[in-house]
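K.L.:
generate coordinates for the sequence data below:
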Amino acid sequence: MSHGLDGDEHFLEESKFKECCAEFIKHSQQIGDSWEWRNVKGSADGYMSKTYFQVKGRGVSPDIREITNDSDEITFTYVEEGLDDSQVAGISATSEAIRYEYHVLYSCSYQAPVLYFRACFLDGRPLSLDEIWNSVHECYRERLWQGPWDTITQQEHPLLGQPFFVLHPCRTNEFMASILSSSYKVNRSTNYIISWLSVIGPVVGLHLPLTYAKVNSEQTVKAD
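P.N.:
All right, here's what the predicted structure looks like:
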């Protein structure tokens, strides 16, 4: 069975990347996780995209509390885009609200997916690189500083030509090789995008619901 991977280093072919993204988005739509595929006008290229708000502080309106957990603690809460005016007003009333936008692209140079993202406050002010670093959980910071494979830098979005932050992908194939090899040894199929995003997403606050694990399980059953 072909896995769409090239050689021992497990490079990902672009056709397999798109196939994995389609499966990922299908499940996202089923659970309301709001990932979508966006085509670039006048081009055959495209990317996966997701946008949500990160809310921190007290004073969350009743409408927002219905979406999030009703708690008096000061915590970060993730609220999906697509809110009505009253809900957006509720977000604005909090001590801090940030709009995050994540894009998953295919890199022909590295033959691997790459995570681009940007963040801004509701007044449109973008977060600086220092603010992005400060938002990274401390359990990841030391590894990021040691790395270069997952160092956060700011680059031009290759499809949109706009400034985005990016997690450097130069060693993506290295750490994915061990994940995929373990799956193949027990004849277990796996969705590359789900496995990859589960590893690197939490570094920048992007957490996948556990139901995505079911997609890999279903693929294994079909393979059998």
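
K.L.:
can you list the weak-confidence ranges in this structure?
P.N.:
1-10, 56-95, 139-150, 183-188, 216-224 (pLDDT under 70).

K.L.:
residues in contact with whichever helix in the chain runs longest?
P.N.:
Counting residues, the longest helix found in the chain (DSSP state H) is helix 14-31. Outside of helix 14-31, the residues within contact range by Cβ atoms under 8 Å, 6 or more residues apart in numbering are 3-5, 33-37, 48, 50, 104, 106, 108, 111, 113, 191-194, 197, 209, 211-212, 214-215, 219. In this view, the C-beta of every residue, glycine as well, is placed from N, C-alpha and C.

K.L.:
can you list the buried residues in that helix?
P.N.:
Lys16, Phe17, Lys18, Cys20, Cys21, Glu23, Phe24, Ile25, His27, Ser28 (16 or more other Cβ atoms under 10 Å).

K.L.:
of the contacts of helix 14-31, grab the buried ones for PyMOL.
P.N.:
Isolation of the buried members of those (16+ other Cβ under 10 Å) is achieved in PyMOL through the command below:
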select buried, resi 4+5+33+35+48+50+104+106+111+113+191+192+193+194+197+212+215+219
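
K.L.:
now Val199: which helix or strand?
P.N.:
Element membership for Val199 (DSSP states H and E) is helix 192-200.

K.L.:
I'd like to know which elements that helix is packed against.
P.N.:
helix 14-31, strand 112-121, helix 172-185, helix 212-223 (3 or more Cβ pairs under 8 Å, 6 or more residues apart in numbering; DSSP states H and E).

K.L.:
rewinding a little: which strands and helices sit next to the helix or strand just after the longest helix of the chain?
P.N.:
Downstream of helix 14-31, the first helix or strand assigned by DSSP H and E is strand 36-39. With contacts taken as 3+ Cβ pairs under 8 Å, 6+ apart, strand 36-39 sits against helix 14-31, strand 46-56.

K.L.:
go ahead and report the secondary structure state at the residue nearest to Leu122 when sequence neighbours are not counted.
P.N.:
Once flanking residues are discounted, Leu122 sits nearest to Ala97: 5.3 Å by Cβ to Cβ, 6 or more residues apart in numbering. Under DSSP: H, G, I helix; E, B strand; the rest coil, Ala97 falls in the strand class.
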